[in-house]
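Visitor: sequence unknown, structure follows:
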């Protein structure tokens, strides 16, 4: 992923994160099947973009990114729980995720629901257990509260509900943005904010980084919609044009392809301008931003 | 419920709790359908035994029970989420709960899963937001962590998994106790501990009250099994003997009815002896304990 610098950083912290996730679940005193189901989906790969954003944010403050390992693990657990529940027969009814059978296909629906519940629950314990030498109780409490807000009805769950309600309907641009900002945007945004909170950022730095992450999240979604039409089927892992087949509202459909590409560029420029105002060492975050705009999967 | 004293106390705090739950969900900025689904199950009644234990524990320390309103709300949200998910078609597949259609029967499976997810998530935000004048950040963080442990794979979720795996099997007494201690015991126990933590109990008081609550939880389950065989169908809300029909392992089946009644008495006596050692004003907690032993539904 990206240039040598970001590549090495991303690979190093991806390995650390995946080892931490395995250890965290492994040490639970619980029936083996639920631990297996949690490990299965946590270990199913993916870009680990949320943890990467958290680690890169800590790096921007000159703080050792390892301090963010538990917070990043908590966020990845929440992301993973959301995928398990989204894939269920009563939701998106998906049999495959990243080329592997979905959790309920392997463990059955009941265990899949409970594995999602368990990951969501554990995320708050993990977040609360960041060592005291890394961050204060006040900050940990704020991390717990903001994680709950990003994941709950005012964040991810609210976005998922709006997405389900919007299926087969022609959405306005405003409705489409509501879905994206909530379903994926809030947790991406929180990933940056969590890094900044652990780094003891000032309130104005938090606002600045929240704006950066908000626009980055929108850019990510617009590029998703563009790739659905112009991407390489093998790289994106689904048939080109599947959004239209599924009657999903998209940016190119609402804005034309040219308009969507312009909107993407605008969001990327917004992101970067907030980063450039931050006064932080933002080389990794800038590279991630460029990658979002030019990624092919 | 119970004598005049406990009765008045239980009624007062039940009303306060139910008003608080309504307000907490009402103020969420989220799609109406998810708020409706959350309110539906939160408002479906029930004994509110967990909040009552929390309030009565605060009273035992001479602390205004109102300080426990947010913690009690958080615990009741977790309990309610567990009922919604347990009732799902892929789990217990129940159409009715407390005489009303279950959440998925009214809102559909997808919204019911998300309403459960939302309540679980919100519980941690609510717990984290206890006012600073009521308790320190350190205590709030401990409450969040202990709530997660009581609800997760080392608690309720672990018990639910073991319960599912034990279906149609002849369980040993040890396996039956594992299920009860985890599926219902840990959250009951936490309800008492949460009150004690807010009251700034010493570690030895916490241990003492944890032992009280542990035995109370077991007593509750034994009485449940006894009522299934000897209870009044209309009062317990299900056909007498339904555990046997469903091939559920129970205390009377493993110990004989006489043995189960003796085990109940033992657990009640253990509970009370821990209470009596506590040196606290335990009149309400003792009354709740007596009620558990003599309840008819």
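Guide: Good, I have the coordinates. Values in this document were obtained by computation on a predicted structure and should not be read as measured data.
Visitor: relative to residue A:210, how far out is residue A:163?
Guide: Noted for residue A:163: a distance of 23 Å to residue A:210, by Cβ to Cβ, to the nearest Å. For glycine as for every other residue, the C-beta is placed from the backbone atoms N, C-alpha and C.
Visitor: how about the helices in the stretch 101-250 of chain A?
Guide: Ranges of helices within the stretch 101-250 of chain A are A:103-107, A:109-128, A:137-151, A:156-166, A:173-180, A:186-198, A:203-230, A:233-236, A:242-245, based on DSSP state H, counting those that start in this stretch.
Visitor: least reliable of those by average pLDDT, please.
Guide: Between the helices of the stretch 101-250 of chain A, the lowest average pLDDT goes to helix A:233-236, which shows a mean of 74.
Visitor: which bits of the stretch 1-150 of chain A sit near chain B?
Guide: A:28-31, A:33-35, A:38, A:81, A:85, A:88, A:90-91, A:108-111, A:113-114, A:116-118, A:120-122, A:124-125, A:128-129, A:136-138, A:140-141, A:144-145, A:147-149 (Cβ under 8 Å from any Cβ of the partner chain).
Visitor: hmm, I typed the wrong one, I wanted the stretch 151-297 of chain A.
Guide: In this structure, the stretch 151-297 of chain A approaches chain B at residues A:151, A:152, A:153, A:154, A:157, A:158, A:160, A:161, A:162, A:164, A:165, judged by Cβ under 8 Å from any Cβ.
Visitor: if we use 6 Å, what do you get?
Guide: Taking Cβ under 6 Å from any Cβ of the partner chain as the measure of proximity, the stretch 151-297 of chain A contacts chain B at A:151, A:152, A:153, A:154, A:157, A:158, A:161, A:162.
Visitor: give the PyMOL command for selecting the buried subset of the residues of the stretch 1-150 of chain A next to chain B.
Guide: Restricted to buried positions by 16 or more other Cβ atoms under 10 Å in any protein chain shown, the PyMOL selection for these reads:
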select buried, chain A and resi 28+30+31+33+34+35+38+81+85+88+90+91+109+110+111+113+114+116+117+118+120+121+122+124+125+128+129+137+140+141+144+145+147+148+149
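Visitor: in stretch A:86-99, what's buried?
Guide: Buried positions in stretch A:86-99, judged by neighbour count with 16+ other Cβ under 10 Å: A:86, A:87, A:88, A:89, A:90, A:91, A:92, A:97.
Visitor: which residue is the nearest non-sequential neighbour of the third one?
Guide: Distance criterion Cβ to Cβ, 6 or more residues apart in numbering or on different chains; nearest residue to residue A:88, sequence neighbours excluded, is residue A:104 at 5.8 Å.
Visitor: any idea how many residues pack against the one you found?
Guide: For residue A:104, the count of nearby residues is 24 (other Cβ atoms under 10 Å in any protein chain shown).
Visitor: that one against residue A:112, yeah?
Guide: Yes. The pair residue A:104 and residue A:112 qualifies as a contact (Cβ atoms under 6 Å) at a distance of 3.7 Å.
Visitor: can you count the residues close to residue A:42?
Guide: Residue A:42: 24 neighbours (other Cβ under 10 Å).
Visitor: for it, give me its contacts.
Guide: A:21, A:80 (Cβ atoms under 6 Å, 6 or more residues apart in numbering or on different chains).
Visitor: change it to 7 Å
Guide: Residue A:42 sits next to A:21, A:25, A:80 when contact means Cβ atoms under 7 Å, 6 or more residues apart in numbering or on different chains.
Visitor: and the gap between residue A:234 and residue A:240?
Guide: Separation of residue A:234 from residue A:240 (Cβ to Cβ): 10 Å.
Visitor: what is the nearest of the buried residues of stretch A:86-99 to chain B?
Guide: Distance to chain B across the buried residues of stretch A:86-99 (Cβ to the nearest Cβ) is lowest for residue A:90, with 3.6 Å.
Visitor: quick one: which helix or strand includes the closest one?
Guide: Per DSSP states H and E: residue A:90 is located in neither a helix nor a strand.
Visitor: which residues touch whichever residue of the stretch 151-297 of chain A sits closest to chain B?
Guide: Relative to chain B, the nearest point of the stretch 151-297 of chain A is residue A:153 (3.6 Å; Cβ to the nearest Cβ). By Cβ under 7 Å, 6+ apart, the contact set of residue A:153 is B:28, B:30, B:34, B:35, B:118.
Visitor: just those residues: which are in helices?
Guide: B:34, B:35, B:118 (DSSP state H).
Visitor: restricting to those, which residues neighbour chain A?
Guide: Subset of the ones in helices among the contacts of residue A:153 in contact with chain A: B:34, B:35, B:118, counting by Cβ under 7 Å from any Cβ of the partner chain.
Visitor: go ahead and confirm the last one touches residue B:37.
Guide: No. Between residue B:118 and residue B:37 there is no contact under Cβ atoms under 7 Å: 8.1 Å.
Visitor: out of the helices of the stretch 101-250 of chain A, flag the one nearest residue B:48.
Guide: Nearest of the helices of the stretch 101-250 of chain A to residue B:48, taken as Cβ to Cβ: helix A:109-128 at 21.7 Å.
Visitor: quick one: the helices of the stretch 101-250 of chain A as a markdown table, columns for distance to residue B:75 too.
Guide: Shown next, in a markdown table, are the helices of the stretch 101-250 of chain A (distance: least, Cβ to Cβ, whole Å):
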| stretch | distance to residue B:75 |
| --- | --- |
| helix A:103-107 | 28 |
| helix A:109-128 | 13 |
| helix A:137-151 | 15 |
| helix A:156-166 | 20 |
| helix A:173-180 | 32 |
| helix A:186-198 | 25 |
| helix A:203-230 | 31 |
| helix A:233-236 | 44 |
| helix A:242-245 | 42 |
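Visitor: so which of these gets nearest residue B:200?
Guide: Once the helices of the stretch 101-250 of chain A are compared by Cβ to Cβ, helix A:137-151 is nearest, at 15.3 Å.
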